[in-house]
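1. Task: produce atomic coordinates for the following.
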Amino acid sequence: MAGVRADIQVAVDQYLELYAEAKKMEKKLEALRQVIEAYMKENGLDQVEHTDRRGHIQLIVQQRPITTSRYTTYDAAEISSLLPPNVRKKCIVEVIDKDKLEALAKLGEVSADVLSRKQTNSSVSWVVRYQK
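-> Prediction:
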């Protein structure tokens, strides 16, 4: 290629070759993960050790709050003034401010029963620990 220094061209070539290898490795890792994770879930295992105990793979079940960016794309106050009332009712909705609700609970203004209704999704984190 004209205009590219030789050392830069070598670096680009090496980078692209390593990138391709990394992608292949990522696919292999993902395939292995699918097999291991399915086995662990089927057998109720939350951790499996390396043969020589140099590391382990662990599944951690977590409850994560349900979040969405559905309501954060536009500024409601700004858009509200630009919409006719009949359209405004169709697209501007009331939502719960989680931070304010939890702060009010700490002040004793909201009961624990209200906070216990927090909606969450269960997810599994894949944790890998390995010592060289």
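
2. for Trp126, what are its contacts?
-> Listed by C-beta atoms under 8 Å, 6 or more residues apart in numbering, the contact partners of Trp126 are 33, 37, 57-59. (Each C-beta comes from the backbone N, C-alpha and C, glycine too.)

3. The longest helix belonging to the chain: what's the following helix or strand?
-> Longest among the helix segments of the chain by residue count, using DSSP state H, is helix 6-42. On the C-terminal side of helix 6-42, the closest following helix or strand by DSSP states H and E is strand 47-49.

4. Pull the distance from that next one to the chain's centre.
-> When C-alpha coordinates are averaged (C-alpha atoms, centre = their mean, to the nearest Å), strand 47-49 and its chain have centres 23 Å apart.

5. From the contact counts, what lies against it?
-> Applying 3 or more C-beta pairs under 8 Å, 6 or more residues apart in numbering; DSSP states H and E, one finds that strand 47-49 contacts strand 55-65.

6. List the contacts of the helix or strand following the strand it packs on.
-> For strand 55-65, the following helix or strand on the C-terminal side (DSSP H and E) is helix 76-80. Here helix 76-80 makes contact (C-beta under 8 Å, 6+ apart) with 88, 92.

7. Quick check: mean pLDDT of whichever helix or strand comes after helix 76-80?
-> Following helix 76-80 in sequence order, the next helix or strand is helix 85-91 (DSSP H and E). Averaged over helix 85-91, pLDDT sits at 89.
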